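In: mind folding the following:
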Amino acid sequence: MGAPPAAAPIPGLPALASLSWSVPGLREDPTLCLRCRSAQLLCGKPVCPILLKYRAFERTLPMVQGTLLDGSSPPGVFVGRFGYPKVAIGPLLSPMHGSTELLDTPEEWVGRSVEEVIGFRTGLVRGTSRFRVTDAARSEGLLERLQLLGLAVESVESEAEFRRPPRGRLALSDSAPPFGPSAPIERVRLDVRRVDPHLERLSSDVHANARVAVEELYDRGVRVSRIQRAFSVGAFGRQNRRKLVPTRWSITAVDDLLSKRLLDTVRDLPELDEILLYSLSALDNRWQIAFLPGHYRYESIETWYPNTVWNPSDQVIMMGDHEGHDGRTTYASIGGCYYAARLATAEGLLRLGRQAGVVVLREVHPGEILPLGVWNVREYVREALRRPPERLASLGELGERLRTGFAIPLERWLRASAVLHEARTQQRLDRWLDRAS
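Out: Numbers count the residues shown, from 1 in each chain. A predicted model of the protein is given here:
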């Protein structure tokens with residue numbers, strides 16, 4: 001197996017190979033960074049060494065001159081997690097006027113290049129102000145305006161004054177899309193003229209809990225990214241229990257809530273009686289998603305090449321998680337990507353009107369040079385499942401498709417996959433009865 005092709009450079013950014021960094025403990029445990037993805041700081045450093053590496057880009061990012069910014073918000077709001085339960089929250093602001101919705105609508109980024117997505121996000125400036133998460137229950141002043149921004153349905157004209165010039169730092173996360181410079185905000189004017197009526201109604205319902213609000217909004221066709229944004233600013237729930245939710249957590253919480261809700265219906269559907277394989281290549285990721293005959297079970301496995309975002313080691317790293325028919329009660333080790341793909345595949349099963357075994361296989365090549373957020377998992381799995389599948393006659397044929405569709409040897413995928421192992425080694429009772437009759 002030859003080495004994967006090197007990533008094409010982004011104009012104006014330093015070559016990744018020229019940036020060196022060290023991660024304590026990586027030699028003893030090559031999976032350390034992939035398990036952590038900056039969320040837990042498992043290496044013991046106060047900041048993630050990998051993200052520090054990419055922040056060398058900051059000198060090339062556009063800088064906002066001075067402390068004043070006149071433009072629009074997509075609309076966008078970001079809630080940080082450091083210092084919890086007192087967190088930094090503020091608007092994402094663009095120096096452009098007019099329609100900027102695209103800059104914070106991940107559902108519209110499918111088919112865009114890494115350069116385009118980074119371009120959308122680096123021009124967004126984050127203003128910050130600190131609040132206790134429980135302040136969402138009795139918001140006023142700036143926090144009340146930010147909650148209204150979280151309900152907006154179109155770009156919002158804005159004027160902001162910062163306490164100091166925003167610093168040119170590209171904020172990177174494996175959960176949320178990146179954004180550009182940030183600074184504490186002194187004052188801000190947000191001209192919210194139109195809000196999403198569904199979001200507004202559920203925000204006004206102080207008796208419905210947050211889970212009910214999220215599920216009803218999804219049923220009414222509100223985009224997941226909008227639900228996540230409103231959830232994050234504490235717009236839902238019983239009045240005295242509303243809280244700000246860090247953006248990173250709100251994204252996974254909504255994916256988890258919605259997929260659990262859909263799977264309650266999926267488990268009652270007839271079982272699929274054939275093998276379906278969906279394939280897609282995008283952003284130097286290769287996807288193979290298999291629906292297998294039988295009852296519902298789910299697995300997501302990721303393989304990261306060296307020099308990809310979360311694999312600074314010199315070997316290919318493979319990690320995955322799975323759940324049986326009744327779901328799981330512990331947090332998946334591969335993080336938010338697990339839940340984003342679970343939501344997308346649950347939607348796919350509902351469209352089919354069948355329950356099935358689900359295996360999501362993702363091969364990440366060095367073209368994935370920056371963490372873009374779990375939106376790319378949710379939206380690209382959705383995109384793959386919108387395409388016509390291959391209908392395969394046997395597990396052997398599925399194996400051949402995986403062998404030719406991936407660079408990683410088939411044997412490694414089979415060793416890592418609990419769901420494929422079960423399909424290969426366990427006979428279904430109805431087949432045994434057929435042979436016995």
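
In: would you point out which residue is most central in this protein?
Out: Val374 (1.6 Å; C-alpha atoms, centre = their mean).

In: I'd say that one and Asp255 touch.
Out: Yes. Applying C-beta atoms under 8 Å as the test, Val374 and Asp255 come out as touching, 7.5 Å apart. For the C-beta atoms, the positions are set from N, CA and C on the backbone; glycine is no exception.

In: overlap of the contact sets of the two?
Out: Residues touching both Val374 and Asp255 by C-beta atoms under 8 Å, 6 or more residues apart in numbering: 336, 339-340.

In: if you rank the residues you listed by neighbours, which is first?
Out: Highest neighbour count within the shared contacts of Val374 and Asp255: Ala340, with 30 neighbours (other C-beta atoms under 10 Å).

In: quick check, pLDDT for that residue.
Out: If you check Ala340, the pLDDT there is 98.

In: run through the residues that contact it.
Out: 251-252, 255, 374-375, 377-378, 381.

In: of these, which belong to helices?
Out: 251-252, 255, 375, 377-378, 381 (DSSP state H).

In: and the top strand by length along the chain, what does it pack onto?
Out: Longest strand of the chain, by residue count under DSSP state E: strand 182-191. When contacts are defined as 3 or more C-beta pairs under 8 Å, 6 or more residues apart in numbering; DSSP states H and E, strand 182-191 packs onto strand 86-93, strand 125-132, helix 141-149, strand 156-162.

In: for these, give me a markdown table that also has mean neighbour count and distance to Ser232.
Out: Shown next, in a markdown table, are the helices and strands packed on strand 182-191 (neighbours: other C-beta atoms under 10 Å; distance: least, C-beta to C-beta, whole Å):
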| stretch | mean neighbour count | distance to Ser232 |
| --- | --- | --- |
| strand 86-93 | 24 | 8 |
| strand 125-132 | 21 | 13 |
| helix 141-149 | 19 | 10 |
| strand 156-162 | 20 | 16 |
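
In: including distance to Gln65 and mean pLDDT, could those go into CSV?
Out: Formatted as CSV, those follow (distance: least, C-beta to C-beta, whole Å; pLDDT from 0 to 100):
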stretch, distance to Gln65, mean pLDDT
strand 86-93, 14, 96
strand 125-132, 11, 95
helix 141-149, 24, 96
strand 156-162, 11, 96
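
In: and of these, who's closest to Gly234?
Out: Closest approach to Gly234 among these is made by helix 141-149 (6.7 Å; C-beta to C-beta).

In: what packs against the closest one?
Out: Using 3+ C-beta pairs under 8 Å, 6+ apart, helix 141-149 is in contact with strand 86-93, strand 125-132, strand 182-191.

In: please identify which of the helices and strands packed on strand 182-191 is closest to Tyr298.
Out: strand 86-93 (31.9 Å).

In: that older thread, can I get the helices and strands packed on helix 141-149 in JSON lines with distance to Phe78?
Out: Output for the helices and strands packed on helix 141-149, formatted as JSON lines (distance: least, C-beta to C-beta, whole Å):
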{"stretch": "strand 86-93", "distance to Phe78": "6"}
{"stretch": "strand 125-132", "distance to Phe78": "5"}
{"stretch": "strand 182-191", "distance to Phe78": "9"}
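
In: nearest to Arg424, out of those strands?
Out: strand 86-93 (46.9 Å).

In: buried ones in the helix or strand just after that closest one, by neighbour count?
Out: The element immediately downstream of strand 86-93 (helix or strand, assigned by DSSP states H and E) is helix 114-122. Using 16 or more other C-beta atoms under 10 Å as the burial criterion, the residues of helix 114-122 that qualify are 114, 117-118, 120-122.

In: do a quick rundown of the helices in the stretch 251-400 of the chain.
Out: Taking DSSP state H, counting those that start in this stretch as the criterion, the stretch 251-400 of the chain contains helices spanning 336-352, 375-386, 395-405.

In: for Val77, find the nearest of those.
Out: Between the helices of the stretch 251-400 of the chain, helix 375-386 lies closest to Val77; by C-beta to C-beta that is 15.8 Å.

In: now do the closest one against helix 336-352, angle only.
Out: 20 degrees (axes from the mean of the first three to the mean of the last three C-alpha atoms, to 10 degrees).

In: so what touches helix 375-386?
Out: Taking C-beta under 8 Å, 6+ apart as the rule, helix 375-386 contacts 106-107, 109-110, 177, 224-225, 251, 255, 278-280, 282-283, 285, 287, 289, 336-337, 340-341, 343-345, 347-348, 351, 360, 362.

In: ok, 7 Å please
Out: 106-107, 109-110, 177, 255, 278-280, 282-283, 285, 287, 289, 337, 340-341, 343-345, 347-348, 360 (C-beta atoms under 7 Å, 6 or more residues apart in numbering).

In: cool, and stretch 192-207?
Out: 148-149, 151-154, 156, 208, 213, 216-217, 220, 222, 226, 230, 235-236, 238-239.

In: on that earlier part again, of the buried residues of helix 114-122, closest to Leu395?
Out: Checking these one by one against Leu395 (C-beta to C-beta), the nearest turns out to be Val114, at 34.9 Å.

In: contacts only, for the closest residue in space to that closest one that isn't next to it in sequence.
Out: Computed as C-beta to C-beta, 6 or more residues apart in numbering, the closest residue to Val114 that is not its neighbour in sequence is Leu283, at 6.0 Å. Neighbour list for Leu283: 114, 367-368, 376 [criterion: C-beta under 7 Å, 6+ apart].

In: may I ask which two of these are separated the most?
Out: Gly367 and Asn376, at 12.3 Å, using C-beta to C-beta across those.

In: more neighbours, those two?
Out: More neighbours surround Asn376 than the other of Gly367 and Asn376, with 23 against 18 (other C-beta under 10 Å).

In: separation between the more buried one and Val309?
Out: According to C-beta to C-beta, to the nearest Å, Asn376 stands 11 Å off from Val309.

In: sorry, back to before: just the buried ones from the contacts of stretch 192-207?
Out: 148-149, 151-153, 156, 208, 213, 216-217, 222, 226, 230, 235-236.

In: that'll do, ta.
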